[in-house]
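what shape does this take:
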Amino acid sequence: MPSLVRFGVSLEKELLCQFDGLLKNTKYTNRSQAIRDLIRTELVKEEWQENKEITGAVTLVYNHHKRELVNRLMDIQHDYHDNILSTQHLHLDGDNCLEVIAIKGKAKQTKELYDRLRSVKGVKYAGFAQASTGSRLT
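So this is what the prediction gives:
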């Protein structure tokens, strides 16, 4: 288990009250947990900015009846097969599908994949969850 270090933080009273309100709304049990998560979030952002090996998920919603849309999405995914870990396809209703694509690779290349997928005509929604492989986080 990593050793713990205690340190003091000075904040304006109003900012601390807002932070404590955030803790209540997000169900953190203490300030230390929330601060750890905030630090990790910034470290993950740094991994992405520095084009490190990362992971994440692309979410797409589209009408599968749209001519050539599914084929275009598949072609793009095949162009980035080294970055795609898994794809899950769900039928939301008679027309609409949800596709969740787990990705891994250099940040720049995975962002490029996302940009290509979301720009395909007929995609109703595209989301991009940036995450870390965890190898540089403790």
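
nearest residue to the residue nearest in space to the middle of the chain in space, please, no chain neighbours.
Centroid-nearest residue in the chain, with C-alpha atoms, centre = their mean: Ala129, separated by 1.6 Å. Spatially, and ignoring its direct neighbours in sequence, Ala129 is nearest to Ala57 (4.6 Å; C-beta to C-beta, 6 or more residues apart in numbering). (C-beta placed from N, C-alpha, C; glycine too.)

tell me who's in contact with the one you found.
Residues in contact with Ala57 (C-beta atoms under 8 Å, 6 or more residues apart in numbering) are 100-103, 128-129, 131.

where does this structure have low pLDDT?
Within the chain, the segments meeting pLDDT under 70 span 1.

quick one: the strands in it?
53-63, 84-91, 96-106, 123-132 (DSSP state E).

what's the domain layout of this protein?
Domains of the chain are assigned by automatic domain parsing as 13-49, 53-132.

what comes up buried for the longest helix belonging to the chain?
Longest helix in the chain by number of residues, with DSSP state H as the criterion: helix 31-49. Buried residues in helix 31-49, counted by 16 or more other C-beta atoms under 10 Å: 34, 44, 47-48.
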